[in-house]
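**Student:** got a sequence here, can you build the structure:
(one chain, ligands or ions: 2)
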Amino acid sequence: MSSKPGSSKSVESQRPVPPVLRDVGKLAAGVASVSTGGSATGNLRNKYALAPGHSLMDWIRLGSSGKDLTGVGSQAGNLSVTPSELALHNKETDAWLCIRGRVYNVTAYLPFHPGGPEQLMKGAGKDATRLFEEVHPWVNFDQILTKCYVGKLKAHPEFEPEEVFKSEKNAPPPPQNNETVANATKEPILLPRFDWIQKLDYITIIFYTGNFSNPMLETTTRGDDNTHSIFLTYNNTIFDNEIVFAGKVHFPGRIKVTCETGKVELCYKKCQGSVWDNFGVLKQKARPYTDSLVQAKLKCKVVNKIKVNYNTVLIELERSDNTKSVVPLGKHIKVFDTIKGEEIVRSYTPVPICLFSKFRQQNYTTDNICLMVKRYPEGNLSKILGDCLTGDTVTISKPLGSFNLQEIEKRETFIILAAGTGITPMFAIILFLLERRIRKCQRLRLLFFNRTPDDIPFRTQFEELQREEPRFKVFHVLSQADNTWTGLRGHVSRSILEETIADHLKDTTYVKSDVYFMVCGPTIFTTLTQQLFKDLQFKDEQIHFFLG
Ligand SMILES: Cc1cc2nc3c(=O)[nH]c(=O)nc-3n(C[C@H](O)[C@H](O)[C@H](O)COP(=O)(O)OP(=O)(O)OC[C@H]3O[C@@H](n4cnc5c(N)ncnc54)[C@H](O)[C@@H]3O)c2cc1C
Ligand code: HEM
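**Tutor:** Ligands and ions are numbered 1, 2, ... in the order given. Sure, this is the predicted structure:
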């Protein structure tokens, strides 16, 4: 079903966001003006240059000095603060803020804040939970601010989040796409929060899409002016962000999507190195992600291709429409072709481009699409892709699929069952799980089913990762191995599953219901595994089956 053009209500806002004064100030003062190193958080920001005597050690010393940092004397820790009372403490000389219901007097901490006092002041007088979590949810604020704790915040309706769709009447029409309807939410839709930061030669724009939002990103430029469009799709909604930069930049920028926090960074090189007074103008719109958008056909060029083993290739595709895109974790795309006048369509799951060199997390997300394709001699599309050459055109769809990253947010221990090319969604998921910082993945086991040792793609890469990363274990199960094979044999079965789970839980405090399973492979493998999990009485909410 497709929606009528113009029938969907969209929400717009235009934000001329004020300049990030601290960066301009720093540059003017000649401090860290052309710093090239990343921050301790691994993102693109310049860390604020703290004045001497304001290191973490100095802060700890101040906290232990006996000085009252709360400003409320003996009432410290016992106050029940109303939102209007909190709002009064919004000055640099008297700054309180609230995180997760706890109110702190951060006045003394301002010159110690590694992100700079201006950043911290953004939360002064407010419930700063969202701001805080969007930037650095891993920071142990309660420990750092333990001597600044004033008391609890009294719950109050004043503290509603900024709503874009305020009422049912103004809400967007329900999504038309069946795949997304299942996940439809009645929550109000918030535009992604925007921020920017600059160095002499670079400008970085940042969108905060929310923890585990797993956004799809597409970005393009009109080329003739400084207008760039950044489309972010998540929660069944497309957020259309149009930026007119204050000066010319090179397209494309480098893209980084941090799935855990939903932080999306686009770093552009300025055509001329200078400090801008402002980034330009941003217009934001939100509209539902409809079927007609999912069905778009996108032409791509093959820009790189290598052999993985005797029947499998890696192919890198670059979009031909001057658009860069990032496919969300666990989603697949469709590939279209025509054989004897008949259209054929098959699904493929993009894999991380690092597979062209080393299977490791990269600093920047790739903006080309990389496929791993097993060529079947009798196959239709797999043969075309297996035989394609650099420069050929391949037509693909936008990403699809029911994988919901939020399902695994609270999990720490995982077992992956993959058969053959069912490994494709797991590459990116494995890297993501091992990189998590807020809730660390403690154990991750891959049970990889293939026919013979020669059929195992990236075997040495998995084994290398296992040597370097003690939380990760890989076990190969082969159905047609010869006598030299000393590992596991056979097909997926009840006994293999039971032994795997028992071994995975050994010497841990986890129980069966803590484990999250992800399963992907040919239909027969998935159907059999579904039945086995049913027999073993595992709950649906702890298993994801990747289906077509
Ligand atoms: C969600 C999803 C994601 C997928 N991701 C990938 C991926 O990343 N990489 C990838 O290579 N494939 C992937 N596949 C499988 C892919 O979509 C095709 O089914 C596969 O490439 C075969 O298509 P074909 O047109 O070549 O063969 P078809 O024309 O469909 O089949 C023709 C003949 O090819 C042979 N054949 C086809 N499939 C198989 C098989 N599984 N086992 C044995 N013989 C077979 C048989 O002889 C069959 O009669 C995915 C499938 C789904 C549903
Ligand atoms: C209120 C909103 C806040 C905002 C907008 C904010 C913003 C920032 C920014 C922009 C950075 C630099 C990030 C980087 O270099 O990658 C930063 C770093 C940091 N902030 Fe905040 N901050 C806030 C609140 C707090 C609070 C309340 C605390 C602590 C108690 C805190 C502690 C830190 C620490 C420890 C770092 C360094 C983190 C790291 O290197 O990983 N911040 N902050």
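
**Student:** any idea how many residues pack against the residue nearest to Gln542 when sequence neighbours are not counted?
**Tutor:** Distances taken as CB to CB, 6 or more residues apart in numbering place Tyr516 nearest to Gln542, at 5.5 Å, with adjacent residues excluded. All C-beta spots, glycine's among them, are computed from the backbone N, C-alpha and C. Neighbours of Tyr516 under the rule other CB atoms under 10 Å: 21.

**Student:** swap in Trp485?
**Tutor:** Residues near Trp485, counting by other CB under 10 Å, number 13.

**Student:** that one - nearest residue in space that isn't next to it in sequence?
**Tutor:** Closest residue to Trp485 apart from its sequence neighbours, by CB to CB, 6+ apart: Leu478 at 5.8 Å.

**Student:** dump the residue contacts of the one you found.
**Tutor:** Applying CB atoms under 8 Å, 6 or more residues apart in numbering to Leu478 gives the contacts Phe449, Asn450, Arg451, Thr452, Pro453, Trp485, Gly487, Leu488, Arg489.

**Student:** where's the last one relative to ligand 1, distance?
**Tutor:** According to CB to the nearest ligand atom, to the nearest Å, Arg489 stands 19 Å off from ligand 1.

**Student:** ok, that residue touching Asp482?
**Tutor:** No. If you go by CB atoms under 8 Å, Arg489 and Asp482 don't touch, sitting 10.7 Å apart.

**Student:** follow-up on the earlier one: quick one: residues contacting the residue nearest to Gln542.
**Tutor:** Counting by CB under 8 Å, 6+ apart, Tyr516 has contacts Glu407, Ile408, Arg411, Thr413, Phe414, Ile415, Gln542, Ile543, His544.

**Student:** which strand or helix spans it?
**Tutor:** Under the criterion of DSSP states H and E, Tyr516 resides in strand 515-520.

**Student:** restricting to C-alpha, output that strand in CSV.
**Tutor:** The C-alpha atoms that make up strand 515-520 are tabulated as CSV, following Å, rounded to 0.1, in the frame of the first residue of the first chain:
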residue,chain,number,x,y,z
VAL,A,515,20.7,-15.5,27.5
TYR,A,516,19.6,-13.7,24.3
PHE,A,517,19.7,-15.8,21.1
MET,A,518,20.0,-14.7,17.5
VAL,A,519,19.4,-17.2,14.7
CYS,A,520,20.0,-16.8,11.0
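
**Student:** after it comes which helix or strand?
**Tutor:** Next along from strand 515-520, by DSSP H and E: helix 523-535.

**Student:** contacts for the helix or strand immediately after that next one in the chain next, please.
**Tutor:** Using DSSP H and E, the helix or strand that follows helix 523-535 towards the C-terminus is strand 543-545. Residues from elsewhere that reach strand 543-545, judged by CB under 8 Å, 6+ apart: 330, 403-404, 407, 516-520, 526, 529-530, 533.

**Student:** tell me which residue in the stretch 301-450 of the chain sits closest to ligand 1.
**Tutor:** Closest contact between the stretch 301-450 of the chain and ligand 1, by CB to the nearest ligand atom, is at Gly379 (2.3 Å).

**Student:** doesn't that residue lie inside a strand?
**Tutor:** No. Using DSSP: H, G, I helix; E, B strand; the rest coil, the assignment for Gly379 is coil, not a strand.

**Student:** quick check: chain neighbours aside, which residue is closest to it?
**Tutor:** Once flanking residues are discounted, Gly379 sits nearest to Gly386: 8.0 Å by CB to CB, 6+ apart.

**Student:** my guess is the one you found meets Val373, correct?
**Tutor:** Yes. Taking CB under 8 Å as the definition, Gly386 is a contact partner of Val373 at 5.9 Å.

**Student:** just grab the bridge partners of the residue lying closest to Phe141 once chain neighbours are set aside for me.
**Tutor:** Excluding the flanking residues, the one nearest Phe141 by CB to CB, 6+ apart is Ile99, at 5.4 Å. Beta-bridge partners recorded for Ile99 (DSSP bridges): Arg102.

**Student:** who are the contact partners of Ile99?
**Tutor:** With CB under 8 Å, 6+ apart, Ile99 has these contacts: Gly123, Asp127, Ala128, Thr129, Phe132, Phe141.

**Student:** and Leu79, by the same measure?
**Tutor:** Contacts of Leu79 (CB under 8 Å, 6+ apart): Val72, Val103, Val150, Gly151, Lys152.

**Student:** and if you look at His332?
**Tutor:** The contact partners of His332, by CB under 8 Å, 6+ apart, come to Ser347, Tyr348, Thr349, Pro350, Pro399, Leu400, Gly401, Pro425, Phe546, Gly548.

**Student:** across the sheet, point out what pairs with it.
**Tutor:** His332 has these beta-bridge partners by DSSP bridges: Leu400.

**Student:** quick one: name whatever helix or strand follows the longest strand that the chain contains.
**Tutor:** Longest strand in the chain, counting residues (DSSP state E): strand 298-309. Proceeding N to C from strand 298-309, the next assigned helix or strand is strand 312-319, under DSSP H and E.

**Student:** so what strands line up beside that next one?
**Tutor:** Take DSSP bridges as the rule and strand 312-319 pairs in its sheet with strand 298-309 (antiparallel), strand 369-374 (antiparallel).

**Student:** after it, next one along is what?
**Tutor:** Later in the chain than strand 312-319, the nearest helix or strand by DSSP H and E is strand 323-326.

**Student:** chain center to that following strand, what's the gap?
**Tutor:** Put simply, strand 323-326 sits 15 Å off its chain's centre (CA atoms, centre = their mean, to the nearest Å).

**Student:** likewise for stretch 60-70?
**Tutor:** With CA atoms, centre = their mean, you get 38 Å for stretch 60-70.

**Student:** got the phi and psi for the residue nearest to Trp485?
**Tutor:** Torsion angles at Leu478 (phi, psi; degrees, to the nearest 10) stand at phi -110, psi 140.

**Student:** quick one: it from Arg451, how far?
**Tutor:** 7 Å (CB to CB, to the nearest Å).

**Student:** swap in Arg471?
**Tutor:** Distance from Arg471 to Arg451, by CB to CB: 28 Å.

**Student:** those two - which one has more neighbours?
**Tutor:** Higher neighbour count among Arg471 and Arg451: Arg471, with 16 against 13, using other CB under 10 Å.

**Student:** so what's the more buried one up against?
**Tutor:** Contact partners of Arg471, counting by CB under 8 Å, 6+ apart, are Leu434, Cys441, Gln442, Arg443, Leu444.

**Student:** same deal with Asp142?
**Tutor:** Contacts for Asp142 (CB under 8 Å, 6+ apart) come out as Arg102, Tyr149.

**Student:** which SS state does it fall under?
**Tutor:** Under three-state DSSP, Asp142 falls in the helix class.
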